[in-house]
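J.: Structure for this input, please:
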Amino acid sequence: MNATPVSGGARRLAAALAAGTLALTACSGAGPGTKDAGGKKPAVTELTPKASGPLDRVTWAVSAEPASFDWIQNASFETGQIMSNVCEGLLRLAPDLSLEPALAESFANPTPTTWVYRVRPGVTFHDGTPLTAEDVAFSLGRNLDTKAGSFWSGAYENVSSVKATGPLEVTVTLEKPDVLFNAYMSSPAGIVDSKATVTAKGKAYGTPAGGVNCVGPFSLGTWEKGQSMTLTRDDEYFDEARRAKAKEVVFRFVRDPAAMVNGLLSDSIDGSWFLPPSALERLSSSGKGTVYYGKSTQGFNAIVMNTDGPLKDIRVRQALSMAIDREGIIDAVISGAGEPQKAPAVPGSWGYAQKTYQSAWDGLKVTEQDIEAAKKLVAEAGKPAKPIFVATTSAEAEVPVIGAEIQSAAKKIGLDVEIKAVPADQYNGVYTDEKAREGIDLYLTGWGTDFADPLQMYQYFQTGHFYNFSGFSDPEYDELVAKAGRTSDEEERAKLVTAAQRIVVDELVWIPLYAPHNTLFLNKRLTGTPASYMQLHYPWAADLGASS
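T.: Model (predicted):
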């Protein structure tokens, strides 16, 4: 959640998030751990084959029910992948993870502290009322209301005002330049709903009783608490070329991974994202459909929570990182469907200046396995007096496996690691509760960006940031990130970001582990949705249609 400072812990804990290199063709039905004759894994894809016709009904599995359908409370992958088809924002992510206009027909940045959005004319909400600039200003402004408690308020930290400056014009004024603000308009931070509806519904808004009244290719139909949500095609959706091919999409809440896989294999469920890693080869070889592996912006990390304990000496952190077998973890926990990770921001987040980011990535070495070099670092630093405590949880099947690998790697170089099993309902507590972090040296979790800009990730390591759990502080780092946030030139921004990246990786405030691919299963009767990690910020279900 994803994962981001404004999207909440649930998204960050989605362990099957992805990053990889872009390929333009779908991978074969072979499992991700299966290599071809040349020793290569199946390709990562951006698109699935285009649909050839409409469908009456699609059934989709999600692992949890939305706690709320109010967009400012949208903090989970399950909510996001449903809401993206019902409630659009000013911008959206395209399948290649670039930004494209949605409810904003166009936008401009006339001064470094001003963003002006031209609202698309002729657009109506699901109840038929017209979209106005007042609706946009009201919707964005909810993120500034501290009483509303928006999970996306961080996107507005530099915003001083949001005003309707014309019937179809909205102007956002910033206190200081912020190059990421416009990109956030592709996330729930940029979603728009009817001012009249939100005001009238009050506390019922976003609940099964109150519903929502947005703009999107689908409207929210029935919501059977604890069972399913049904989306109904909006035949008046403003973009004729993107109108939904399926009449309705039913999202079933399937909490048991085995039940989800059985549903996919029995044809009772047509598709799902984030497939259980242990089932990838079974699904690929089933003949029931195709597994796709998509590009994304997410990675899986061991986050250093305490730099005053056994991980205080940077050489110990570096040694532990160099001892970890990342390829072994990828094979063991995600059946090979991923790549080793060298830095917190993964290749899928490089939305610009890719040569600059690639060159910097290639120069990072402390995440490469080297047991002998790791032993020397431990000998130089001295073995810590206390063991390193690694937190794990049974809520994520891969986390205990990763914890065991880190423990094994540590033993090889003379370090002691103990596993601290945390109850599933308490594992997320570290994000908001300092007491929940006590006794934890390393915390295992997925985390990434909402859009393709690594700067979003590297803001988290600034002095005093809410998600800077270890208290890392470096004046040079802070200045690099702050300057990058003011720099509109993308090549120059990339140079600043990679300089900051080098500091974080050398210090190993987080120990990067792997970047799993975005996994998708489609029953053979349907196709069309992109496979890349855009499903939280793009109306992907509208592209689903008949395969033949």
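
J.: Report the beta-bridge partner residues of the residue nearest to residue 48 when sequence neighbours are not counted.
T.: In this structure, residue 48 finds its nearest non-sequential neighbour in residue 527, 5.1 Å apart by C-beta to C-beta, 6 or more residues apart in numbering. The way it works is simple: take the backbone N, C-alpha and C, and place the C-beta from them, glycine included. Note on residue 527: beta-bridge partners by DSSP bridges are residue 545.

J.: and if you look at residue 290?
T.: Beta-bridge partners for residue 290, by DSSP bridges, are residue 522.

J.: quick one, what contacts the closest residue to residue 313 other than its chain neighbours?
T.: Leaving aside its chain neighbours, residue 313 sits nearest to residue 381 (4.4 Å; criterion: C-beta to C-beta, 6+ apart). Shown in contact with residue 381 (C-beta atoms under 8 Å, 6 or more residues apart in numbering): 313, 315, 316, 319.

J.: Surely residue 357 is in contact with residue 346?
T.: No: between residue 357 and residue 346 there is no contact under C-beta atoms under 8 Å: 10.1 Å.

J.: I'd like the distance between residue 544 and residue 313.
T.: 52 Å (C-beta to C-beta, to the nearest Å).

J.: Could you check which of those two is surrounded by more residues?
T.: residue 544 (25 against 16; other C-beta atoms under 10 Å).

J.: my read: that one touches residue 247, true?
T.: No: contact criterion C-beta under 8 Å: residue 544 and residue 247 do not qualify, at 11.2 Å.

J.: Next one: residue 152 from residue 191, what distance?
T.: Residue 152 is 9 Å from residue 191, where distance means C-beta to C-beta.

J.: nope, residue 456 is what I meant
T.: Counting by C-beta to C-beta - residue 456 and residue 191 are separated by 18 Å.

J.: what's the answer for residue 325, then?
T.: Where residue 191 is concerned, residue 325 sits at a distance of 42 Å (C-beta to C-beta).

J.: hang on, the earlier thing: common neighbours of residue 152 and residue 191, please.
T.: Between them, residue 152 and residue 191 share the contacting residues residue 74, judged by C-beta under 8 Å, 6+ apart.

J.: more crowded one of those two?
T.: residue 191 (31 against 26).

J.: On the strand side of things, show who the more buried one bridges to.
T.: In beta-bridge terms (that is, DSSP bridges), residue 191 pairs with residue 89.

J.: Surely it touches residue 213?
T.: No: the criterion here is C-beta under 8 Å, and residue 191 misses it with residue 213 at 12.0 Å.

J.: Give me the packing partners of whichever strand or helix holds residue 264, helices and strands only.
T.: Residue 264 belongs to helix 257-265 when assigned by DSSP states H and E. For helix 257-265, the elements it packs on are strand 55-62, strand 271-273, helix 280-284, judged by 3 or more C-beta pairs under 8 Å, 6 or more residues apart in numbering; DSSP states H and E.

J.: Residue 422 is nearest to which of those?
T.: strand 55-62 (24.4 Å; C-beta to C-beta).

J.: Return the distance of stretch 364-378 from the chain's centre.
T.: 30 Å (C-alpha atoms, centre = their mean, to the nearest Å).

J.: and the end-to-end length of that stretch?
T.: Using C-alpha to C-alpha, to the nearest Å, the end-to-end distance of stretch 364-378 comes to 20 Å.

J.: Report the mean per-residue pLDDT for that stretch.
T.: The pLDDT scores in stretch 364-378 average 95.

J.: Number the chain from 51, please
T.: With the count now opening at 51, the last piece we talked about shows up as stretch 414-428.

J.: Give the buried residues for it.
T.: The neighbour-count check on stretch 414-428 (16 or more other C-beta atoms under 10 Å) flags 414, 416, 417, 419, 423, 424, 425, 427, 428 as buried.

J.: got it, and stretch 125-133?
T.: Buried, per 16+ other C-beta under 10 Å, within stretch 125-133: 125, 126, 127, 128, 129, 130, 131, 132, 133.

J.: ok, back up a step: the buried residues of stretch 414-428 into CSV, with extra columns for distance to residue 182 and secondary structure?
T.: Shown next, in CSV, are the buried residues of stretch 414-428 (distance: C-beta to C-beta, whole Å; DSSP: H, G, I helix; E, B strand; the rest coil):
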residue, distance to residue 182, secondary structure
414, 49, coil
416, 53, coil
417, 50, coil
419, 57, coil
423, 62, helix
424, 61, helix
425, 66, helix
427, 61, helix
428, 64, helix
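
J.: Can you say which helix or strand has residue 280 in it?
T.: strand 278-283.

J.: Mind giving me the packing neighbours of that strand?
T.: If you count contacts as 3+ C-beta pairs under 8 Å, 6+ apart, strand 278-283 packs onto strand 268-274, strand 296-303.

J.: how about the strands in the stretch 401-550 of the chain?
T.: Assigned by DSSP state E, counting those that start in this stretch, the strands in the stretch 401-550 of the chain fall at 438-442, 467-471, 492-498.

J.: if we can go back for a sec, among the contacts of residue 431, which are in helices?
T.: In this view, the contacts of residue 431 that belong to helices under DSSP state H are 365, 366, 369.

J.: neighbour-wise, which of those leads?
T.: residue 369 (28 neighbours).

J.: ok, so what distance separates it from residue 522?
T.: Residue 369 is 19 Å from residue 522, by C-beta to C-beta.

J.: Can you list the residue ranges for strands in the stretch 151-300 of the chain?
T.: 154-161, 164-169, 209-216, 219-224, 268-274, 278-283, 296-303.

J.: Would you mind getting the angle between the second one and strand 219-224?
T.: Going back to what we said before, that points to strand 164-169. 160 degrees (axes from the mean of the first three to the mean of the last three C-alpha atoms, to 10 degrees).

J.: cool, the first one as well?
T.: Counting by the same axes, to 10 degrees, strand 154-161 lies at 40 degrees to strand 219-224.

J.: which secondary structure elements does strand 154-161 contact?
T.: Looks like strand 154-161 contacts strand 164-169 (3+ C-beta pairs under 8 Å, 6+ apart).

J.: Give me the mean pLDDT for the strand it packs on.
T.: Here the average pLDDT along strand 164-169 is 98.

J.: now that strand: how far from the chain's centre is it?
T.: 26 Å.

J.: Name the nearest residue to residue 368, sequence neighbours excluded.
T.: Per C-beta to C-beta, 6+ apart, closest to residue 368 is residue 416, 5.1 Å.

J.: and the one you found, how far is that from residue 367?
T.: Counting by C-beta to C-beta - residue 416 and residue 367 are separated by 9 Å.

J.: Quickly list what's touching both of these two.
T.: residue 558.

J.: in this structure, what spans have low per-residue confidence?
T.: The chain contains residues with pLDDT under 70 at 51-92.

J.: for it, longest helix please?
T.: The chain, longest helix under DSSP H: helix 540-557.

J.: buried set for it?
T.: 543-555, 557.

J.: Check stretch 189-203 too.
T.: In stretch 189-203, counting by 16+ other C-beta under 10 Å, buried: 189, 190, 191, 192, 193, 200, 201, 202, 203.

J.: Need the nearest residue in space to the last one, chain neighbours excluded.
T.: In other words, residue 203. Counting by C-beta to C-beta, 6+ apart, the residue nearest residue 203 is residue 193, at 5.3 Å.

J.: pretty sure the one you found contacts residue 205?
T.: Yes: Residue 193 is in contact with residue 205 according to C-beta under 8 Å; the separation is 6.7 Å.

J.: anything in contact with each of those two?
T.: Between them, residue 193 and residue 205 share the contacting residues residue 239, judged by C-beta under 8 Å, 6+ apart.

J.: can I have the longest helix of the chain written out in PDB, keeping just the CAs?
T.: The C-alpha coordinates for helix 540-557 follow below in PDB (Å, rounded to 0.1, in the frame of the first residue of the first chain):
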ATOM      1  CA  GLU A 540      12.900  15.200 -13.900                       C
ATOM      2  CA  GLU A 541      16.500  14.400 -14.700                       C
ATOM      3  CA  GLU A 542      17.700  16.800 -12.000                       C
ATOM      4  CA  ARG A 543      15.200  15.400  -9.600                       C
ATOM      5  CA  ALA A 544      16.400  11.800 -10.300                       C
ATOM      6  CA  LYS A 545      20.000  12.800  -9.500                       C
ATOM      7  CA  LEU A 546      18.900  14.300  -6.100                       C
ATOM      8  CA  VAL A 547      16.700  11.200  -5.300                       C
ATOM      9  CA  THR A 548      19.500   8.700  -6.200                       C
ATOM     10  CA  ALA A 549      21.900  10.600  -4.000                       C
ATOM     11  CA  ALA A 550      19.500  10.300  -1.100                       C
ATOM     12  CA  GLN A 551      18.900   6.700  -2.000                       C
ATOM     13  CA  ARG A 552      22.600   6.000  -1.700                       C
ATOM     14  CA  ILE A 553      22.600   7.400   1.900                       C
ATOM     15  CA  VAL A 554      19.600   5.300   3.000                       C
ATOM     16  CA  VAL A 555      21.000   2.100   1.400                       C
ATOM     17  CA  ASP A 556      24.500   2.600   2.800                       C
ATOM     18  CA  GLU A 557      23.000   3.200   6.300                       C
END
